[in-house]
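Participant: pasting a predicted model and its sequence here:
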Amino acid sequence: MNIIETEKLTKYYGKSRGIIDLNLTVEEGDFFGFIGPNGAGKSTTIRTLLGLIRATSGSARLFEKDSADCRQEILSQIGFMPSEAMFYSGMRVKELLRFSAGLRKQNCDRQADELCERLQLDPGKKIEELSLGNRKKVGIICALQHKPRLYILDEPTSGLDPLMQREFFSLLRERNQEGATVFLSSHILSEIQRHCNRAAIIRMGRMIACDQVTALARTSAKRVTLHGEADLSGLSSIRDEKRTADGVTFLYGGEIGPLLQRLSQGHLTDLTVAEPDLEEVFLHYYGEEGGEKE
């Protein structure tokens, strides 16, 4: 069963691009990564999936139901965490968590207590007294406490320290192993490579790749590290070259013969050829741009 399915999903803000012709499929039980820098269209995609904004054209279906026509029914089965959550002031954490559960007509006190303990969050604290990281924990617990079928998480780890990030992903793995589907939007590539089984890359509102994470990380380009001296001038398939005191490292995407012939004329003490990591594959799709304007 496809938990999420879009067909030519498009959203414009006036004349400004949001997302364009997005064809996306997330299967039940996936731990799915949605990768792109700020402004690529990740949050627009999520808001459209949830029915929070209407698409300009195309369609989105969650649990095989239209996201616009069946919004309330769909949202009851989702745990959503926005990139920036706003909470009512004057409430204590435990009051806010009960309020969130009450909106779903559920009692989640036991789950909320367990999650507060695991994330080291004091439920007696007032919301306005919380640090950014602790506010993030409140958002996590609101998304997890009712044990939904689908988690949609938009940049969920920003503001969390490394120990809390590790605990957060432990929680998500447990829920995923219990059968829940996770849709994780992030620009932190190591998170996607470490935790997701499938991923899509979005650029300027368009999806440019979607596959198993292991398949995305496989590419014809290789990461080559040389120690010693070699003349690499004229080899056009070299990119991302970085020189150090004793050698050079670069991505090589051309025929191996010309490279080996050139290296055989040099004076090398060591040579390593390896698969690039997901970050280098991402740069292959994006070039050296740090981000985009939405």
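Facilitator: Here it is on my side, so go on.

Participant: I'd guessed Leu226 sits against Thr244; true?
Facilitator: No. Here Leu226 does not reach Thr244: they are 9.8 Å apart, not a contact under Cβ atoms under 8 Å. C-beta here means a position set from N, CA and C on the backbone, and glycine is covered the same way.

Participant: of the two, who's got more company?
Facilitator: Shown here are Leu226 and Thr244; by other Cβ atoms under 10 Å, Leu226 has more neighbours (22 against 10).

Participant: helix, strand or coil: sort out the more buried one for me.
Facilitator: What DSSP: H, G, I helix; E, B strand; the rest coil gives for Leu226 is strand.

Participant: what's the answer for Ser59, then?
Facilitator: Secondary structure state of Ser59, per three-state DSSP, is strand.

Participant: who does it bridge with?
Facilitator: On the basis of DSSP bridges, Ser59 takes part in beta bridges with Glu7.

Participant: touching, it and Ile4? I think so.
Facilitator: No. Applying Cβ under 8 Å as the test, Ser59 and Ile4 come out as separate, 11.6 Å apart.

Participant: send me stretch 223-235 as PDB with only the CA atoms.
Facilitator: Only the C-alpha atoms of stretch 223-235 are listed here, as PDB (Å, rounded to 0.1, in the frame of the first residue of the first chain):
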ATOM      1  CA  ARG A 223      36.400   9.500  -4.700                       C
ATOM      2  CA  VAL A 224      40.100   9.200  -5.500                       C
ATOM      3  CA  THR A 225      42.800  10.100  -2.900                       C
ATOM      4  CA  LEU A 226      46.400  10.300  -4.000                       C
ATOM      5  CA  HIS A 227      49.600  10.700  -1.900                       C
ATOM      6  CA  GLY A 228      52.600  11.800  -3.700                       C
ATOM      7  CA  GLU A 229      52.900  13.700  -7.000                       C
ATOM      8  CA  ALA A 230      50.900  13.400 -10.200                       C
ATOM      9  CA  ASP A 231      50.000  15.700 -13.100                       C
ATOM     10  CA  LEU A 232      46.200  15.900 -13.300                       C
ATOM     11  CA  SER A 233      46.000  18.800 -15.800                       C
ATOM     12  CA  GLY A 234      43.800  18.200 -18.800                       C
ATOM     13  CA  LEU A 235      41.600  15.600 -17.100                       C
END
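
Participant: and that stretch, what's buried?
Facilitator: For stretch 223-235, burial by neighbour count (16 or more other Cβ atoms under 10 Å) applies to Arg223, Val224, Leu226, Ala230, Leu232.

Participant: more neighbours: which of Ser59 and Ile4?
Facilitator: Using other Cβ under 10 Å, the more surrounded residue of Ser59 and Ile4 is Ile4, with 22 against 13.

Participant: which stretches of the stretch 151-294 of the chain have low pLDDT?
Facilitator: Within the stretch 151-294 of the chain, the stretches with pLDDT under 70 are 218-220, 276-281, 283-294.

Participant: quick one: list the elements packing against the helix or strand containing Val26.
Facilitator: Secondary structure assigned from DSSP states H and E places Val26 in strand 16-27. Packing partners of strand 16-27 (3 or more Cβ pairs under 8 Å, 6 or more residues apart in numbering; DSSP states H and E): strand 2-13, helix 42-49, strand 181-186, strand 198-203, strand 206-212.

Participant: how big is the angle separating the longest one from strand 206-212?
Facilitator: Angle, strand 2-13 to strand 206-212, by axes from the mean of the first three to the mean of the last three Cα atoms, to 10 degrees: 160 degrees.

Participant: quick one on the thing from earlier: tell me the first helix or strand C-terminal of the strand holding Val26.
Facilitator: On the C-terminal side of strand 16-27, the nearest following helix or strand under DSSP H and E is strand 31-35.

Participant: before we move on, back to that, distance from the chain centre to the strand holding Val26, please.
Facilitator: Between the centre of strand 16-27 and the centre of its chain there are 15 Å (Cα atoms, centre = their mean, to the nearest Å).

Participant: which residues of the stretch 51-200 of the chain fall in helices?
Facilitator: Counting by DSSP state H, counting those that start in this stretch, the stretch 51-200 of the chain has helices at residues 71-75, 93-103, 109-118, 132-144, 162-177, 189-195.

Participant: can I get the ones you listed in CSV with mean neighbour count and distance to Met207?
Facilitator: Converted to CSV, the helices of the stretch 51-200 of the chain look like this (neighbours: other Cβ atoms under 10 Å; distance: least, Cβ to Cβ, whole Å):
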stretch, mean neighbour count, distance to Met207
helix 71-75, 14, 21
helix 93-103, 18, 32
helix 109-118, 16, 33
helix 132-144, 22, 24
helix 162-177, 15, 22
helix 189-195, 18, 15
